[in-house]
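A.B. asks: attaching a predicted model along with its sequence, questions to come.
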Amino acid sequence: MDLTHVLTPDFPAWPGDRPFEIHLVSRFDPAGGEFFANELALHEHTGTHIDAPAHASLGGITVERIDPRDLVVPIAVIDIAARAAQDPDTLLGVRDILTFEREHGALPERCLVALHSGWAARVSTPGAFTNADADGVHHTPGFDPAAVQFLVRERNIVGIGTDTLTVDAGRSADYGAHVGVLGAGKYAVEVLANLDKIPPVGATVVVGAPTHAGGSGGPCRVFALL
């Protein structure tokens, strides 16, 4: 199952970030010796993408240094979509993790914990994905920083993921989920698709992270093997 959104120039971006651009360089012309090629311009944290520890951690590793063994791991999907439909500011908390474990067993060792909020369905509706109010504050679900601290201290995870634009709640001012997970040397994957199409446990995720030197993250192709 592909967990990656198709990236277009209209894809939602974080305010102030450069929108994705694609420009034609040449068309395939066998007679003229030309090949079809485009030039891309984009912010590292665009579309379905990974945050390396360096993104929010002094001394954290950059994206090309993430161990490949941490990019092919079990994935656990915690579903808070019903709650998020009623309260866009809702957080995935420690209670949600413990409830999940009562229903599905302990989180797999060295897993990626993904938040399914149902937000992926909003990506094609202008304004709905960021869900900003009149003051520009985003109202989207995210990880409670206390839940992130619980995961990095009490469970053996490689990272966290979400179907929203950020692992923090959209209204967050201190980005505690980012700081908590990346500061612990883990990574985050944001703007995932199709989390509703994979089981809560039992799948393996493949995070196709980029390897540009010194990167804070970057767009990636993410698959779940069922």
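C.D. replies: Noted; the coordinates are in hand. Quick caveat, the model's predicted, so the values are computed rather than measured.
A.B. asks: geometric centre of this protein: which residue is closest?
C.D. replies: Note on the chain: the residue nearest the mean C-alpha position is Glu190, at 1.3 Å, using Cα atoms, centre = their mean.
A.B. asks: give me the phi and psi for that one.
C.D. replies: phi -120, psi 160 (degrees, to the nearest 10).
A.B. asks: surely it touches Val167?
C.D. replies: Yes: Glu190 lies in contact with Val167 (Cβ atoms under 8 Å); the separation is 6.2 Å. The C-beta positions use only the backbone N, C-alpha and C, and glycine is treated the same way.
A.B. asks: overlap of the contact sets of those two?
C.D. replies: Counting by Cβ atoms under 8 Å, 6 or more residues apart in numbering, the contacts common to Glu190 and Val167 are Asp51, Gly161.
A.B. asks: against Ser26, how distant is the residue nearest to the centre of the chain?
C.D. replies: To Ser26, Glu190 is 33 Å away according to Cβ to Cβ, to the nearest Å.
A.B. asks: so what strands line up beside the longest strand along the chain?
C.D. replies: Longest strand in the chain, counting residues (DSSP state E): strand 72-79. Strands flanking strand 72-79 in the sheet, each with its direction: strand 111-116 (parallel), strand 203-208 (antiparallel) (DSSP bridges).
A.B. asks: for the residue lying closest to Met1 once chain neighbours are set aside, pull up the helix or strand it's in.
C.D. replies: Spatial nearest neighbour of Met1, chain neighbours left out: Ala224 (4.5 Å); criterion: Cβ to Cβ, 6 or more residues apart in numbering. Ala224 belongs to strand 221-225 when assigned by DSSP states H and E.
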